[in-house]
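Chemist: could you look at this predicted model? Sequence included:
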Amino acid sequence: MTTESGADSEAKQPQENKEKGKAKEAAKPENQPEELPAAAGHSTPARKEQEPQEDDQVSHQSSTSRLSRSPLKGVKKVKIMQCKVTMLDGSDFSVNVEKRVRGHVLFDKVCDHLNLLERDYFGVTYRDVENQKNWLDPNKELKKQIRTGPWNFAFNVKFYPPDPAQLTEDITRYYLCLQLRDDVVSGRLPCSFATHTVLGSYTVQSELGDYDPEELGSDYISELRFAPNQTKELEEKVMELHKTYKGMTPADAEIHFLENAKKLSMYGVDLHHAKDSEGVEIMLGVCSSGLLIYRDRLRINRFAWPKILKISYKRNNFYIKIRPGEFEQFESTIGFKLPNHRAAKRLWKVCVEHHTFFRLVSPDAPPKKFLSLGSKFRYSGRTQAQTRRASSQIHRPAPLFERSASKRYNMSRSLDGAPITESHETLMKDSAADGAAKVIAKGDVITTVTEKKAEEEKAEQDDAQMAAETPEPETPLRHDTKTDSEQTDFAFDGDMTATESEADEDSEMPTQDASPLEEMVKHQTSISELKRSFLETGDNTSGLTEWEKRLSSSPARSPRADEPPMIVPLEPQDTKDEQPAGEETKEEVEPKLSEAARYLVKYVVDSMATDLATSSGPHGLSLSTTMDDDVFMDGTLREVDEKTPDSQEELSERAELKVSPGAVRQEVSQAISDKKGTLIILKDSEDKVDTEGKAMSPVDEEEESIIPEEDEAEENEMLSASKEKETIKEDTSVEARNAEDKTQRLRIEIKTEDLTQIKGIDSPKKAMASWISEEVKTEASEVISVTNEVIEMTNGVNQEAEFFTFEEGQTEQTKSFKEVQTKKSEFFEEVQTKKSEFFEEVQTKKSEFFEEVRKEQSEFFEEVQKEQSEFFEDVQKEQSRLTQITISESSTTSLAASTLGWVPSSEKTSAEPQEEMVVATETEAAPAESTGPTSLDVVEVGTKEVPVVHTETKTITYESAEPDTNGDVDPGVLLSAQTITSETTSTTTTTHITKMVKGGISETRIEKRIVITGDSDIDHDEALAQAIKEAKEQHPDMSVTKVVVHKETEITPEEGED
Amino acid sequence: MAGFGHYTHAIVRGIPASLAKEALRSSQSEVDLAGARKEHEAYVQVLGTRLGLEVVELPADESLPDCVFVEDAVVVCGDTALITRPGAESRRKETEVMKAALKNLNLNIVEMTDENATLDGGDVLFTGQEFFVGLSKRTNQKGAEILADVFKDYAVSTVPVLQGLHLKSFCSMGGPGLILIGSSEHAQKTLKIMQQMSDHRYDKLTLPDDAAANCLYMNLPNKGHVLVHPTAEEYPESATVFDKLKDHMLIPVSNIEKTKVDGALTCCSVLITKRANI
């Protein structure tokens, strides 16, 4: 990419016109502003000029897109800038755009000019003051990005498709080839001599066609470049090969070219200079599969996206937090020094984008359905999956295009450039428009929300704005850009979740994707509708009465053991969504409701990624990093809301026992209103970490005192519940479940209430806002340091992470704890052995299921996958052998630590176990005699539920070695946790979604507990398989890190045991 | 990698009498020279007669007791041969004859001249898609760098050799995308690292004995997958594991004597793919 001076481009008027003519077909009305000369005149990128324009912009913002069509006052005021874009073939393309348009306008124009439909792999770059290449942000105004430099750009491949053969159109491959040729010649893509030869020969074939000595002569090849250091020998070899390609079409030659190029180890690797912690010069390479670390040419490490829990940058440091491997117990954060802050940020952005593009499946976005909920933290373009899908919709006749320097294939030339089939262009445009509409819609909703809380939010916003002292051009602008993608994509909070199974995005998107159920969709729609109306009306207390009724009519609440008390902070959005839905859909709809809720939650979670940082405010995680105003504001809001319901829930759950719903409500809301500002602190105190004792210390205390009690209560509840269950069997459990459902609803309701409350109560919020802004300011001036605080926090919070499971200060558990630990290790060993034994067998066999699973999963997971599926099989076998199965707490708890786990268990099965082939049965040995707490890995877990009497408990944990989440002694700050329960006749699915911030990176875990209630007529195998399958479908991009099968067989109640 | 294992030539070298006493070894053991020679003969026969490779036999050199282990002297990939700089000083001269032989085969020869670099071919595992270079007593970072520089097309990842002489003392390729690996802790650990470093996916076959994981894989016309592996006498447990490779032609070759001087099956030959000239 050549960079030229601004003067250059400005002086290029005539040439530009020429270019224009060439690009006529592609040219849109906007391309011909009458006052071109004027535009040129204005194109001086003087900074001063830009400022006054802002006003202009505000008033005309909405009209930018149709500016060309309304050449009235708009055109007069609007400054037209001439952009010079260096194309992949080295030519320059000049195009005029309005000065304040966003990046995508330019990008689209270029793509139109190229007649390129599969454009998501490409991007536009510009050089910053340091002459570093930066990707143009499609959602930010050009002038904000270009700042001082000339309006020179380059069109480049941004995401190198790992398998170019999957591209739909030849023209796309052609441009990819051009990029790669340049990569090769420039040395960015190193090749051996042999590869240079092969690539060169295909290049020649593509450009020049068949070897023809008469036409070409003998020296035809020297004009072409194939390698950084091209030798005569190379040229000869190229020619030799070229001769053998007779009859190969350019498109075929390009396919061959790409097939060879894609195998190169540096294909698509975006290298960044850095130093490691010891100051050794290394290179960081970002690619489709993850982050590669090179020292000289050697790969010294590699972090696949699934391995990375967090990516962040601070000043000129770039950090990745790594999931603990098999041999490590702790997560580790690895820091790299980049040459400067901008470089660190650039690397971070590239990582975020690559991760999103290649790792995330995106929702099938049933249009509009989720508009209102859209996730925040996303790279704004399509992901690879999306773009592939979109490409499959391309049905235009292969466009004729001119291959530059082509001497033979001038057929296309006779058509003069790049003819476009109009209809197809529109097709593509439509989808683009669609996307735009979406964004707008999202923006709308957000705005609505904002309005609701306009007051508080404003305060926050302002503060935040003031505080955020990002040098980035885009920062000041953020608040008026409401599009999701913007926030997501380039949020500067430095926080990113790039995790395998726990990634927000990962888990979320697929889920959304996987809702093929019609009713679901319907339901969702209605929910969002409801939500909208809810948003409009504002408060919604009507639901309460219904809840009250239900509550009062319900039998004494018997909290279910398998719904362990937990902190369930919800997002306001969620709440809103859930609440109306709950109202409308009565009990039968319950499962659906929860499903829907899950959806919503997912969204929230998704978006939370950005917010996390914010919500973790006190710890200064993301705040410290360059903040995005928008995100910040949002996050803050959410935080408040979020946390509130959280504590509220707890309260309500407990309070419920003795107090009437109404009272609860009041209490809760009271608490909430009091708490508003403290929420964060609440969290802290829970985490047993010293808060920075901010403003709300009094409340803090209150919280603290409350919490221990709660814990106690929780435990008691759990214990009793489990006992009860055992004795009373199904009835109880059903009851319990009902109760639970109700509780949940109650929760929901309360949350809603909460919202309303919040609305009314400004002061705490404001306090909070100001507090946060303070924080921000401090942080900002320091340019942020994430710091020990955070780490401490994290540690403290760890317990939180295991949420409902682990609670300190419960002495009763100590005893069993030890026991469990011993057992755990024993058991673990066994499992290990088992694993390896089975491994090979399975490998060869590879059941169908396995393959299916495999397909679904990206290749990074395959290893894990394999083991996992193996386990599933075992589990299934096991399952069939089981007789009486009860759910015990331990399963729950162990799950808690797992990323995605299924606990199939059943109660009261009549079939007798046939102890024949013992595949995984051996594993059970230890558990058999020991009661409840056999859950291997999660020691803390089992503890809680020590006394499972009268039952034989079997817990089998299958845990993939890779994503080792349990040992999580390195904790995080729990941001939110949510439990959703859905029920069908025989199964109860409880989904826990936890959000945590660990050292500044957010992590989402989804844990599913599926309780299969045992009736003899239920095929447990099938149920389990189904459950697993479903989960897979829901989270295609997640990997299963653990499966815990917990069975409880009822036995004669002889010995009470511990 | 379609062409992985499609070898046409093999370079081997005779066993000098000095091997019995002077060859480097990590454990003190008596080598039966005659036995070793007999085994080696059988080995060469398998390559040439049974498998139909064109075998180039280099003469033994008494001054180079380890010279039979030709693998360490060169890394061949495609039509490029990197003449190594063996980590053991006493073995440096082994490369000379090797180089001449490779030249005769018309390979592009690259020499490792950097005096700070050491590399033993036994530390280089080429999977068909990438290289892993074990950093061992014999191979250092610089050596690996040079290898990476020579074979630019491929990712070259370094992995630590925690125990044993070479990387391939406990692993080798058993087919395209199939890594044979020993079951020892360090072997497994190294495999983990390899997996982490790789963009590719590999299957693994775990052998109870580390040493049994060193086999010669080939993919030959009319024979398909071929695996030359240690015998059941040497490693009874591992031998049963090989039987799981149903698609492979399994050829057990005795290697008892050379094992005493740390010579595994791959050590004794350099396999080369010569394309039918383009």
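Modeler: Thanks, I have the structure now.
Chemist: hmm, B:Thr139 and B:Ala88 touching each other?
Modeler: No: using Cβ atoms under 8 Å, B:Ala88 makes no contact with B:Thr139, being 10.8 Å away. Where C-beta positions appear, they are placed from N, C-alpha and C, glycine not excepted.
Chemist: more crowded one of these two?
Modeler: Ranked by neighbour count (other Cβ atoms under 10 Å in any protein chain shown), B:Ala88 and B:Thr139 place B:Thr139 first, with 29 against 15.
Chemist: give me the three-state assignment for the more buried one.
Modeler: coil (DSSP: H, G, I helix; E, B strand; the rest coil).
Chemist: equivalent analysis for the one 3 residues further on, please.
Modeler: Per three-state DSSP, the local secondary structure of B:Lys142 is helix.
Chemist: now swap in A:Asn156 and tell me
Modeler: strand.
Chemist: helix or strand for the closest residue to it other than its chain neighbours, which one?
Modeler: By the measure of Cβ to Cβ, 6 or more residues apart in numbering or on different chains, the closest residue to A:Asn156 outside its immediate chain neighbours is A:Thr125, 5.3 Å from it. Using DSSP states H and E, A:Thr125 falls within strand A:122-127.
Chemist: so what strands line up beside the next helix or strand after that strand?
Modeler: Remark: after strand A:122-127, the chain's next helix or strand is strand A:133-135, criterion DSSP H and E. Strand A:133-135 pairs in its sheet with strand A:122-127 (antiparallel), by DSSP bridges.
Chemist: who touches the partner strand?
Modeler: The contact list for strand A:122-127 (Cβ atoms under 8 Å, 6 or more residues apart in numbering or on different chains) reads A:1, A:3, A:85, A:103, A:106-107, A:110-111, A:116, A:133-136, A:145-146, A:149, A:152-158, A:175.
Chemist: what mean pLDDT would you report for the strand holding A:Thr125?
Modeler: Strand A:122-127 shows a mean pLDDT of 93.
Chemist: what residues does the stretch 251-400 of chain A have near chain B?
Modeler: Residues of the stretch 251-400 of chain A lying close to chain B by Cβ under 8 Å from any Cβ of the partner chain are A:263-265, A:287, A:289, A:295-302, A:304, A:307, A:325-327.
Chemist: narrow these to those in strands?
Modeler: Within these, residues falling in strands by DSSP state E are A:Cys287, A:Arg295, A:Leu298, A:Arg299, A:Ile300, A:Asn301, A:Arg302, A:Ala304.
Chemist: may I see the PyMOL selection of the buried members of those residues?
Modeler: Buried members of these, defined by 16 or more other Cβ atoms under 10 Å in any protein chain shown, are picked up in PyMOL with:
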select buried, chain A and resi 287+295+298+299+300+301+302+304
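Chemist: what would the ones in strands among the residues of the stretch 251-400 of chain A next to chain B look like in JSON lines with distance to B:Met218 and pLDDT?
Modeler: Listed next are those as JSON lines, based on distance: Cβ to Cβ, whole Å; pLDDT from 0 to 100:
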{"residue": "A:Cys287", "distance to B:Met218": "32", "pLDDT": "95"}
{"residue": "A:Arg295", "distance to B:Met218": "34", "pLDDT": "92"}
{"residue": "A:Leu298", "distance to B:Met218": "28", "pLDDT": "94"}
{"residue": "A:Arg299", "distance to B:Met218": "27", "pLDDT": "94"}
{"residue": "A:Ile300", "distance to B:Met218": "31", "pLDDT": "93"}
{"residue": "A:Asn301", "distance to B:Met218": "32", "pLDDT": "92"}
{"residue": "A:Arg302", "distance to B:Met218": "29", "pLDDT": "92"}
{"residue": "A:Ala304", "distance to B:Met218": "31", "pLDDT": "92"}
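Chemist: give me the pLDDT value at A:Ala739.
Modeler: 41.
Chemist: which parts of chain B sit against chain A?
Modeler: B:78-80, B:108, B:129-130, B:133, B:141, B:144-145, B:148-158, B:189, B:192, B:195-199, B:201, B:203, B:205-206, B:241, B:244, B:246, B:278.
Chemist: ok, of the contacts of strand A:122-127, which come out buried?
Modeler: Using 16+ other Cβ under 10 Å, the buried ones in the contacts of strand A:122-127 are A:1, A:3, A:85, A:103, A:106-107, A:110-111, A:116, A:134-136, A:145-146, A:149, A:152-158, A:175.
Chemist: touching, A:Trp316 and A:Lys345? I think so.
Modeler: Trp isn't right for residue A:316; it's Asn. No: if you go by Cβ under 8 Å, A:Asn316 and A:Lys345 don't touch, sitting 9.2 Å apart.
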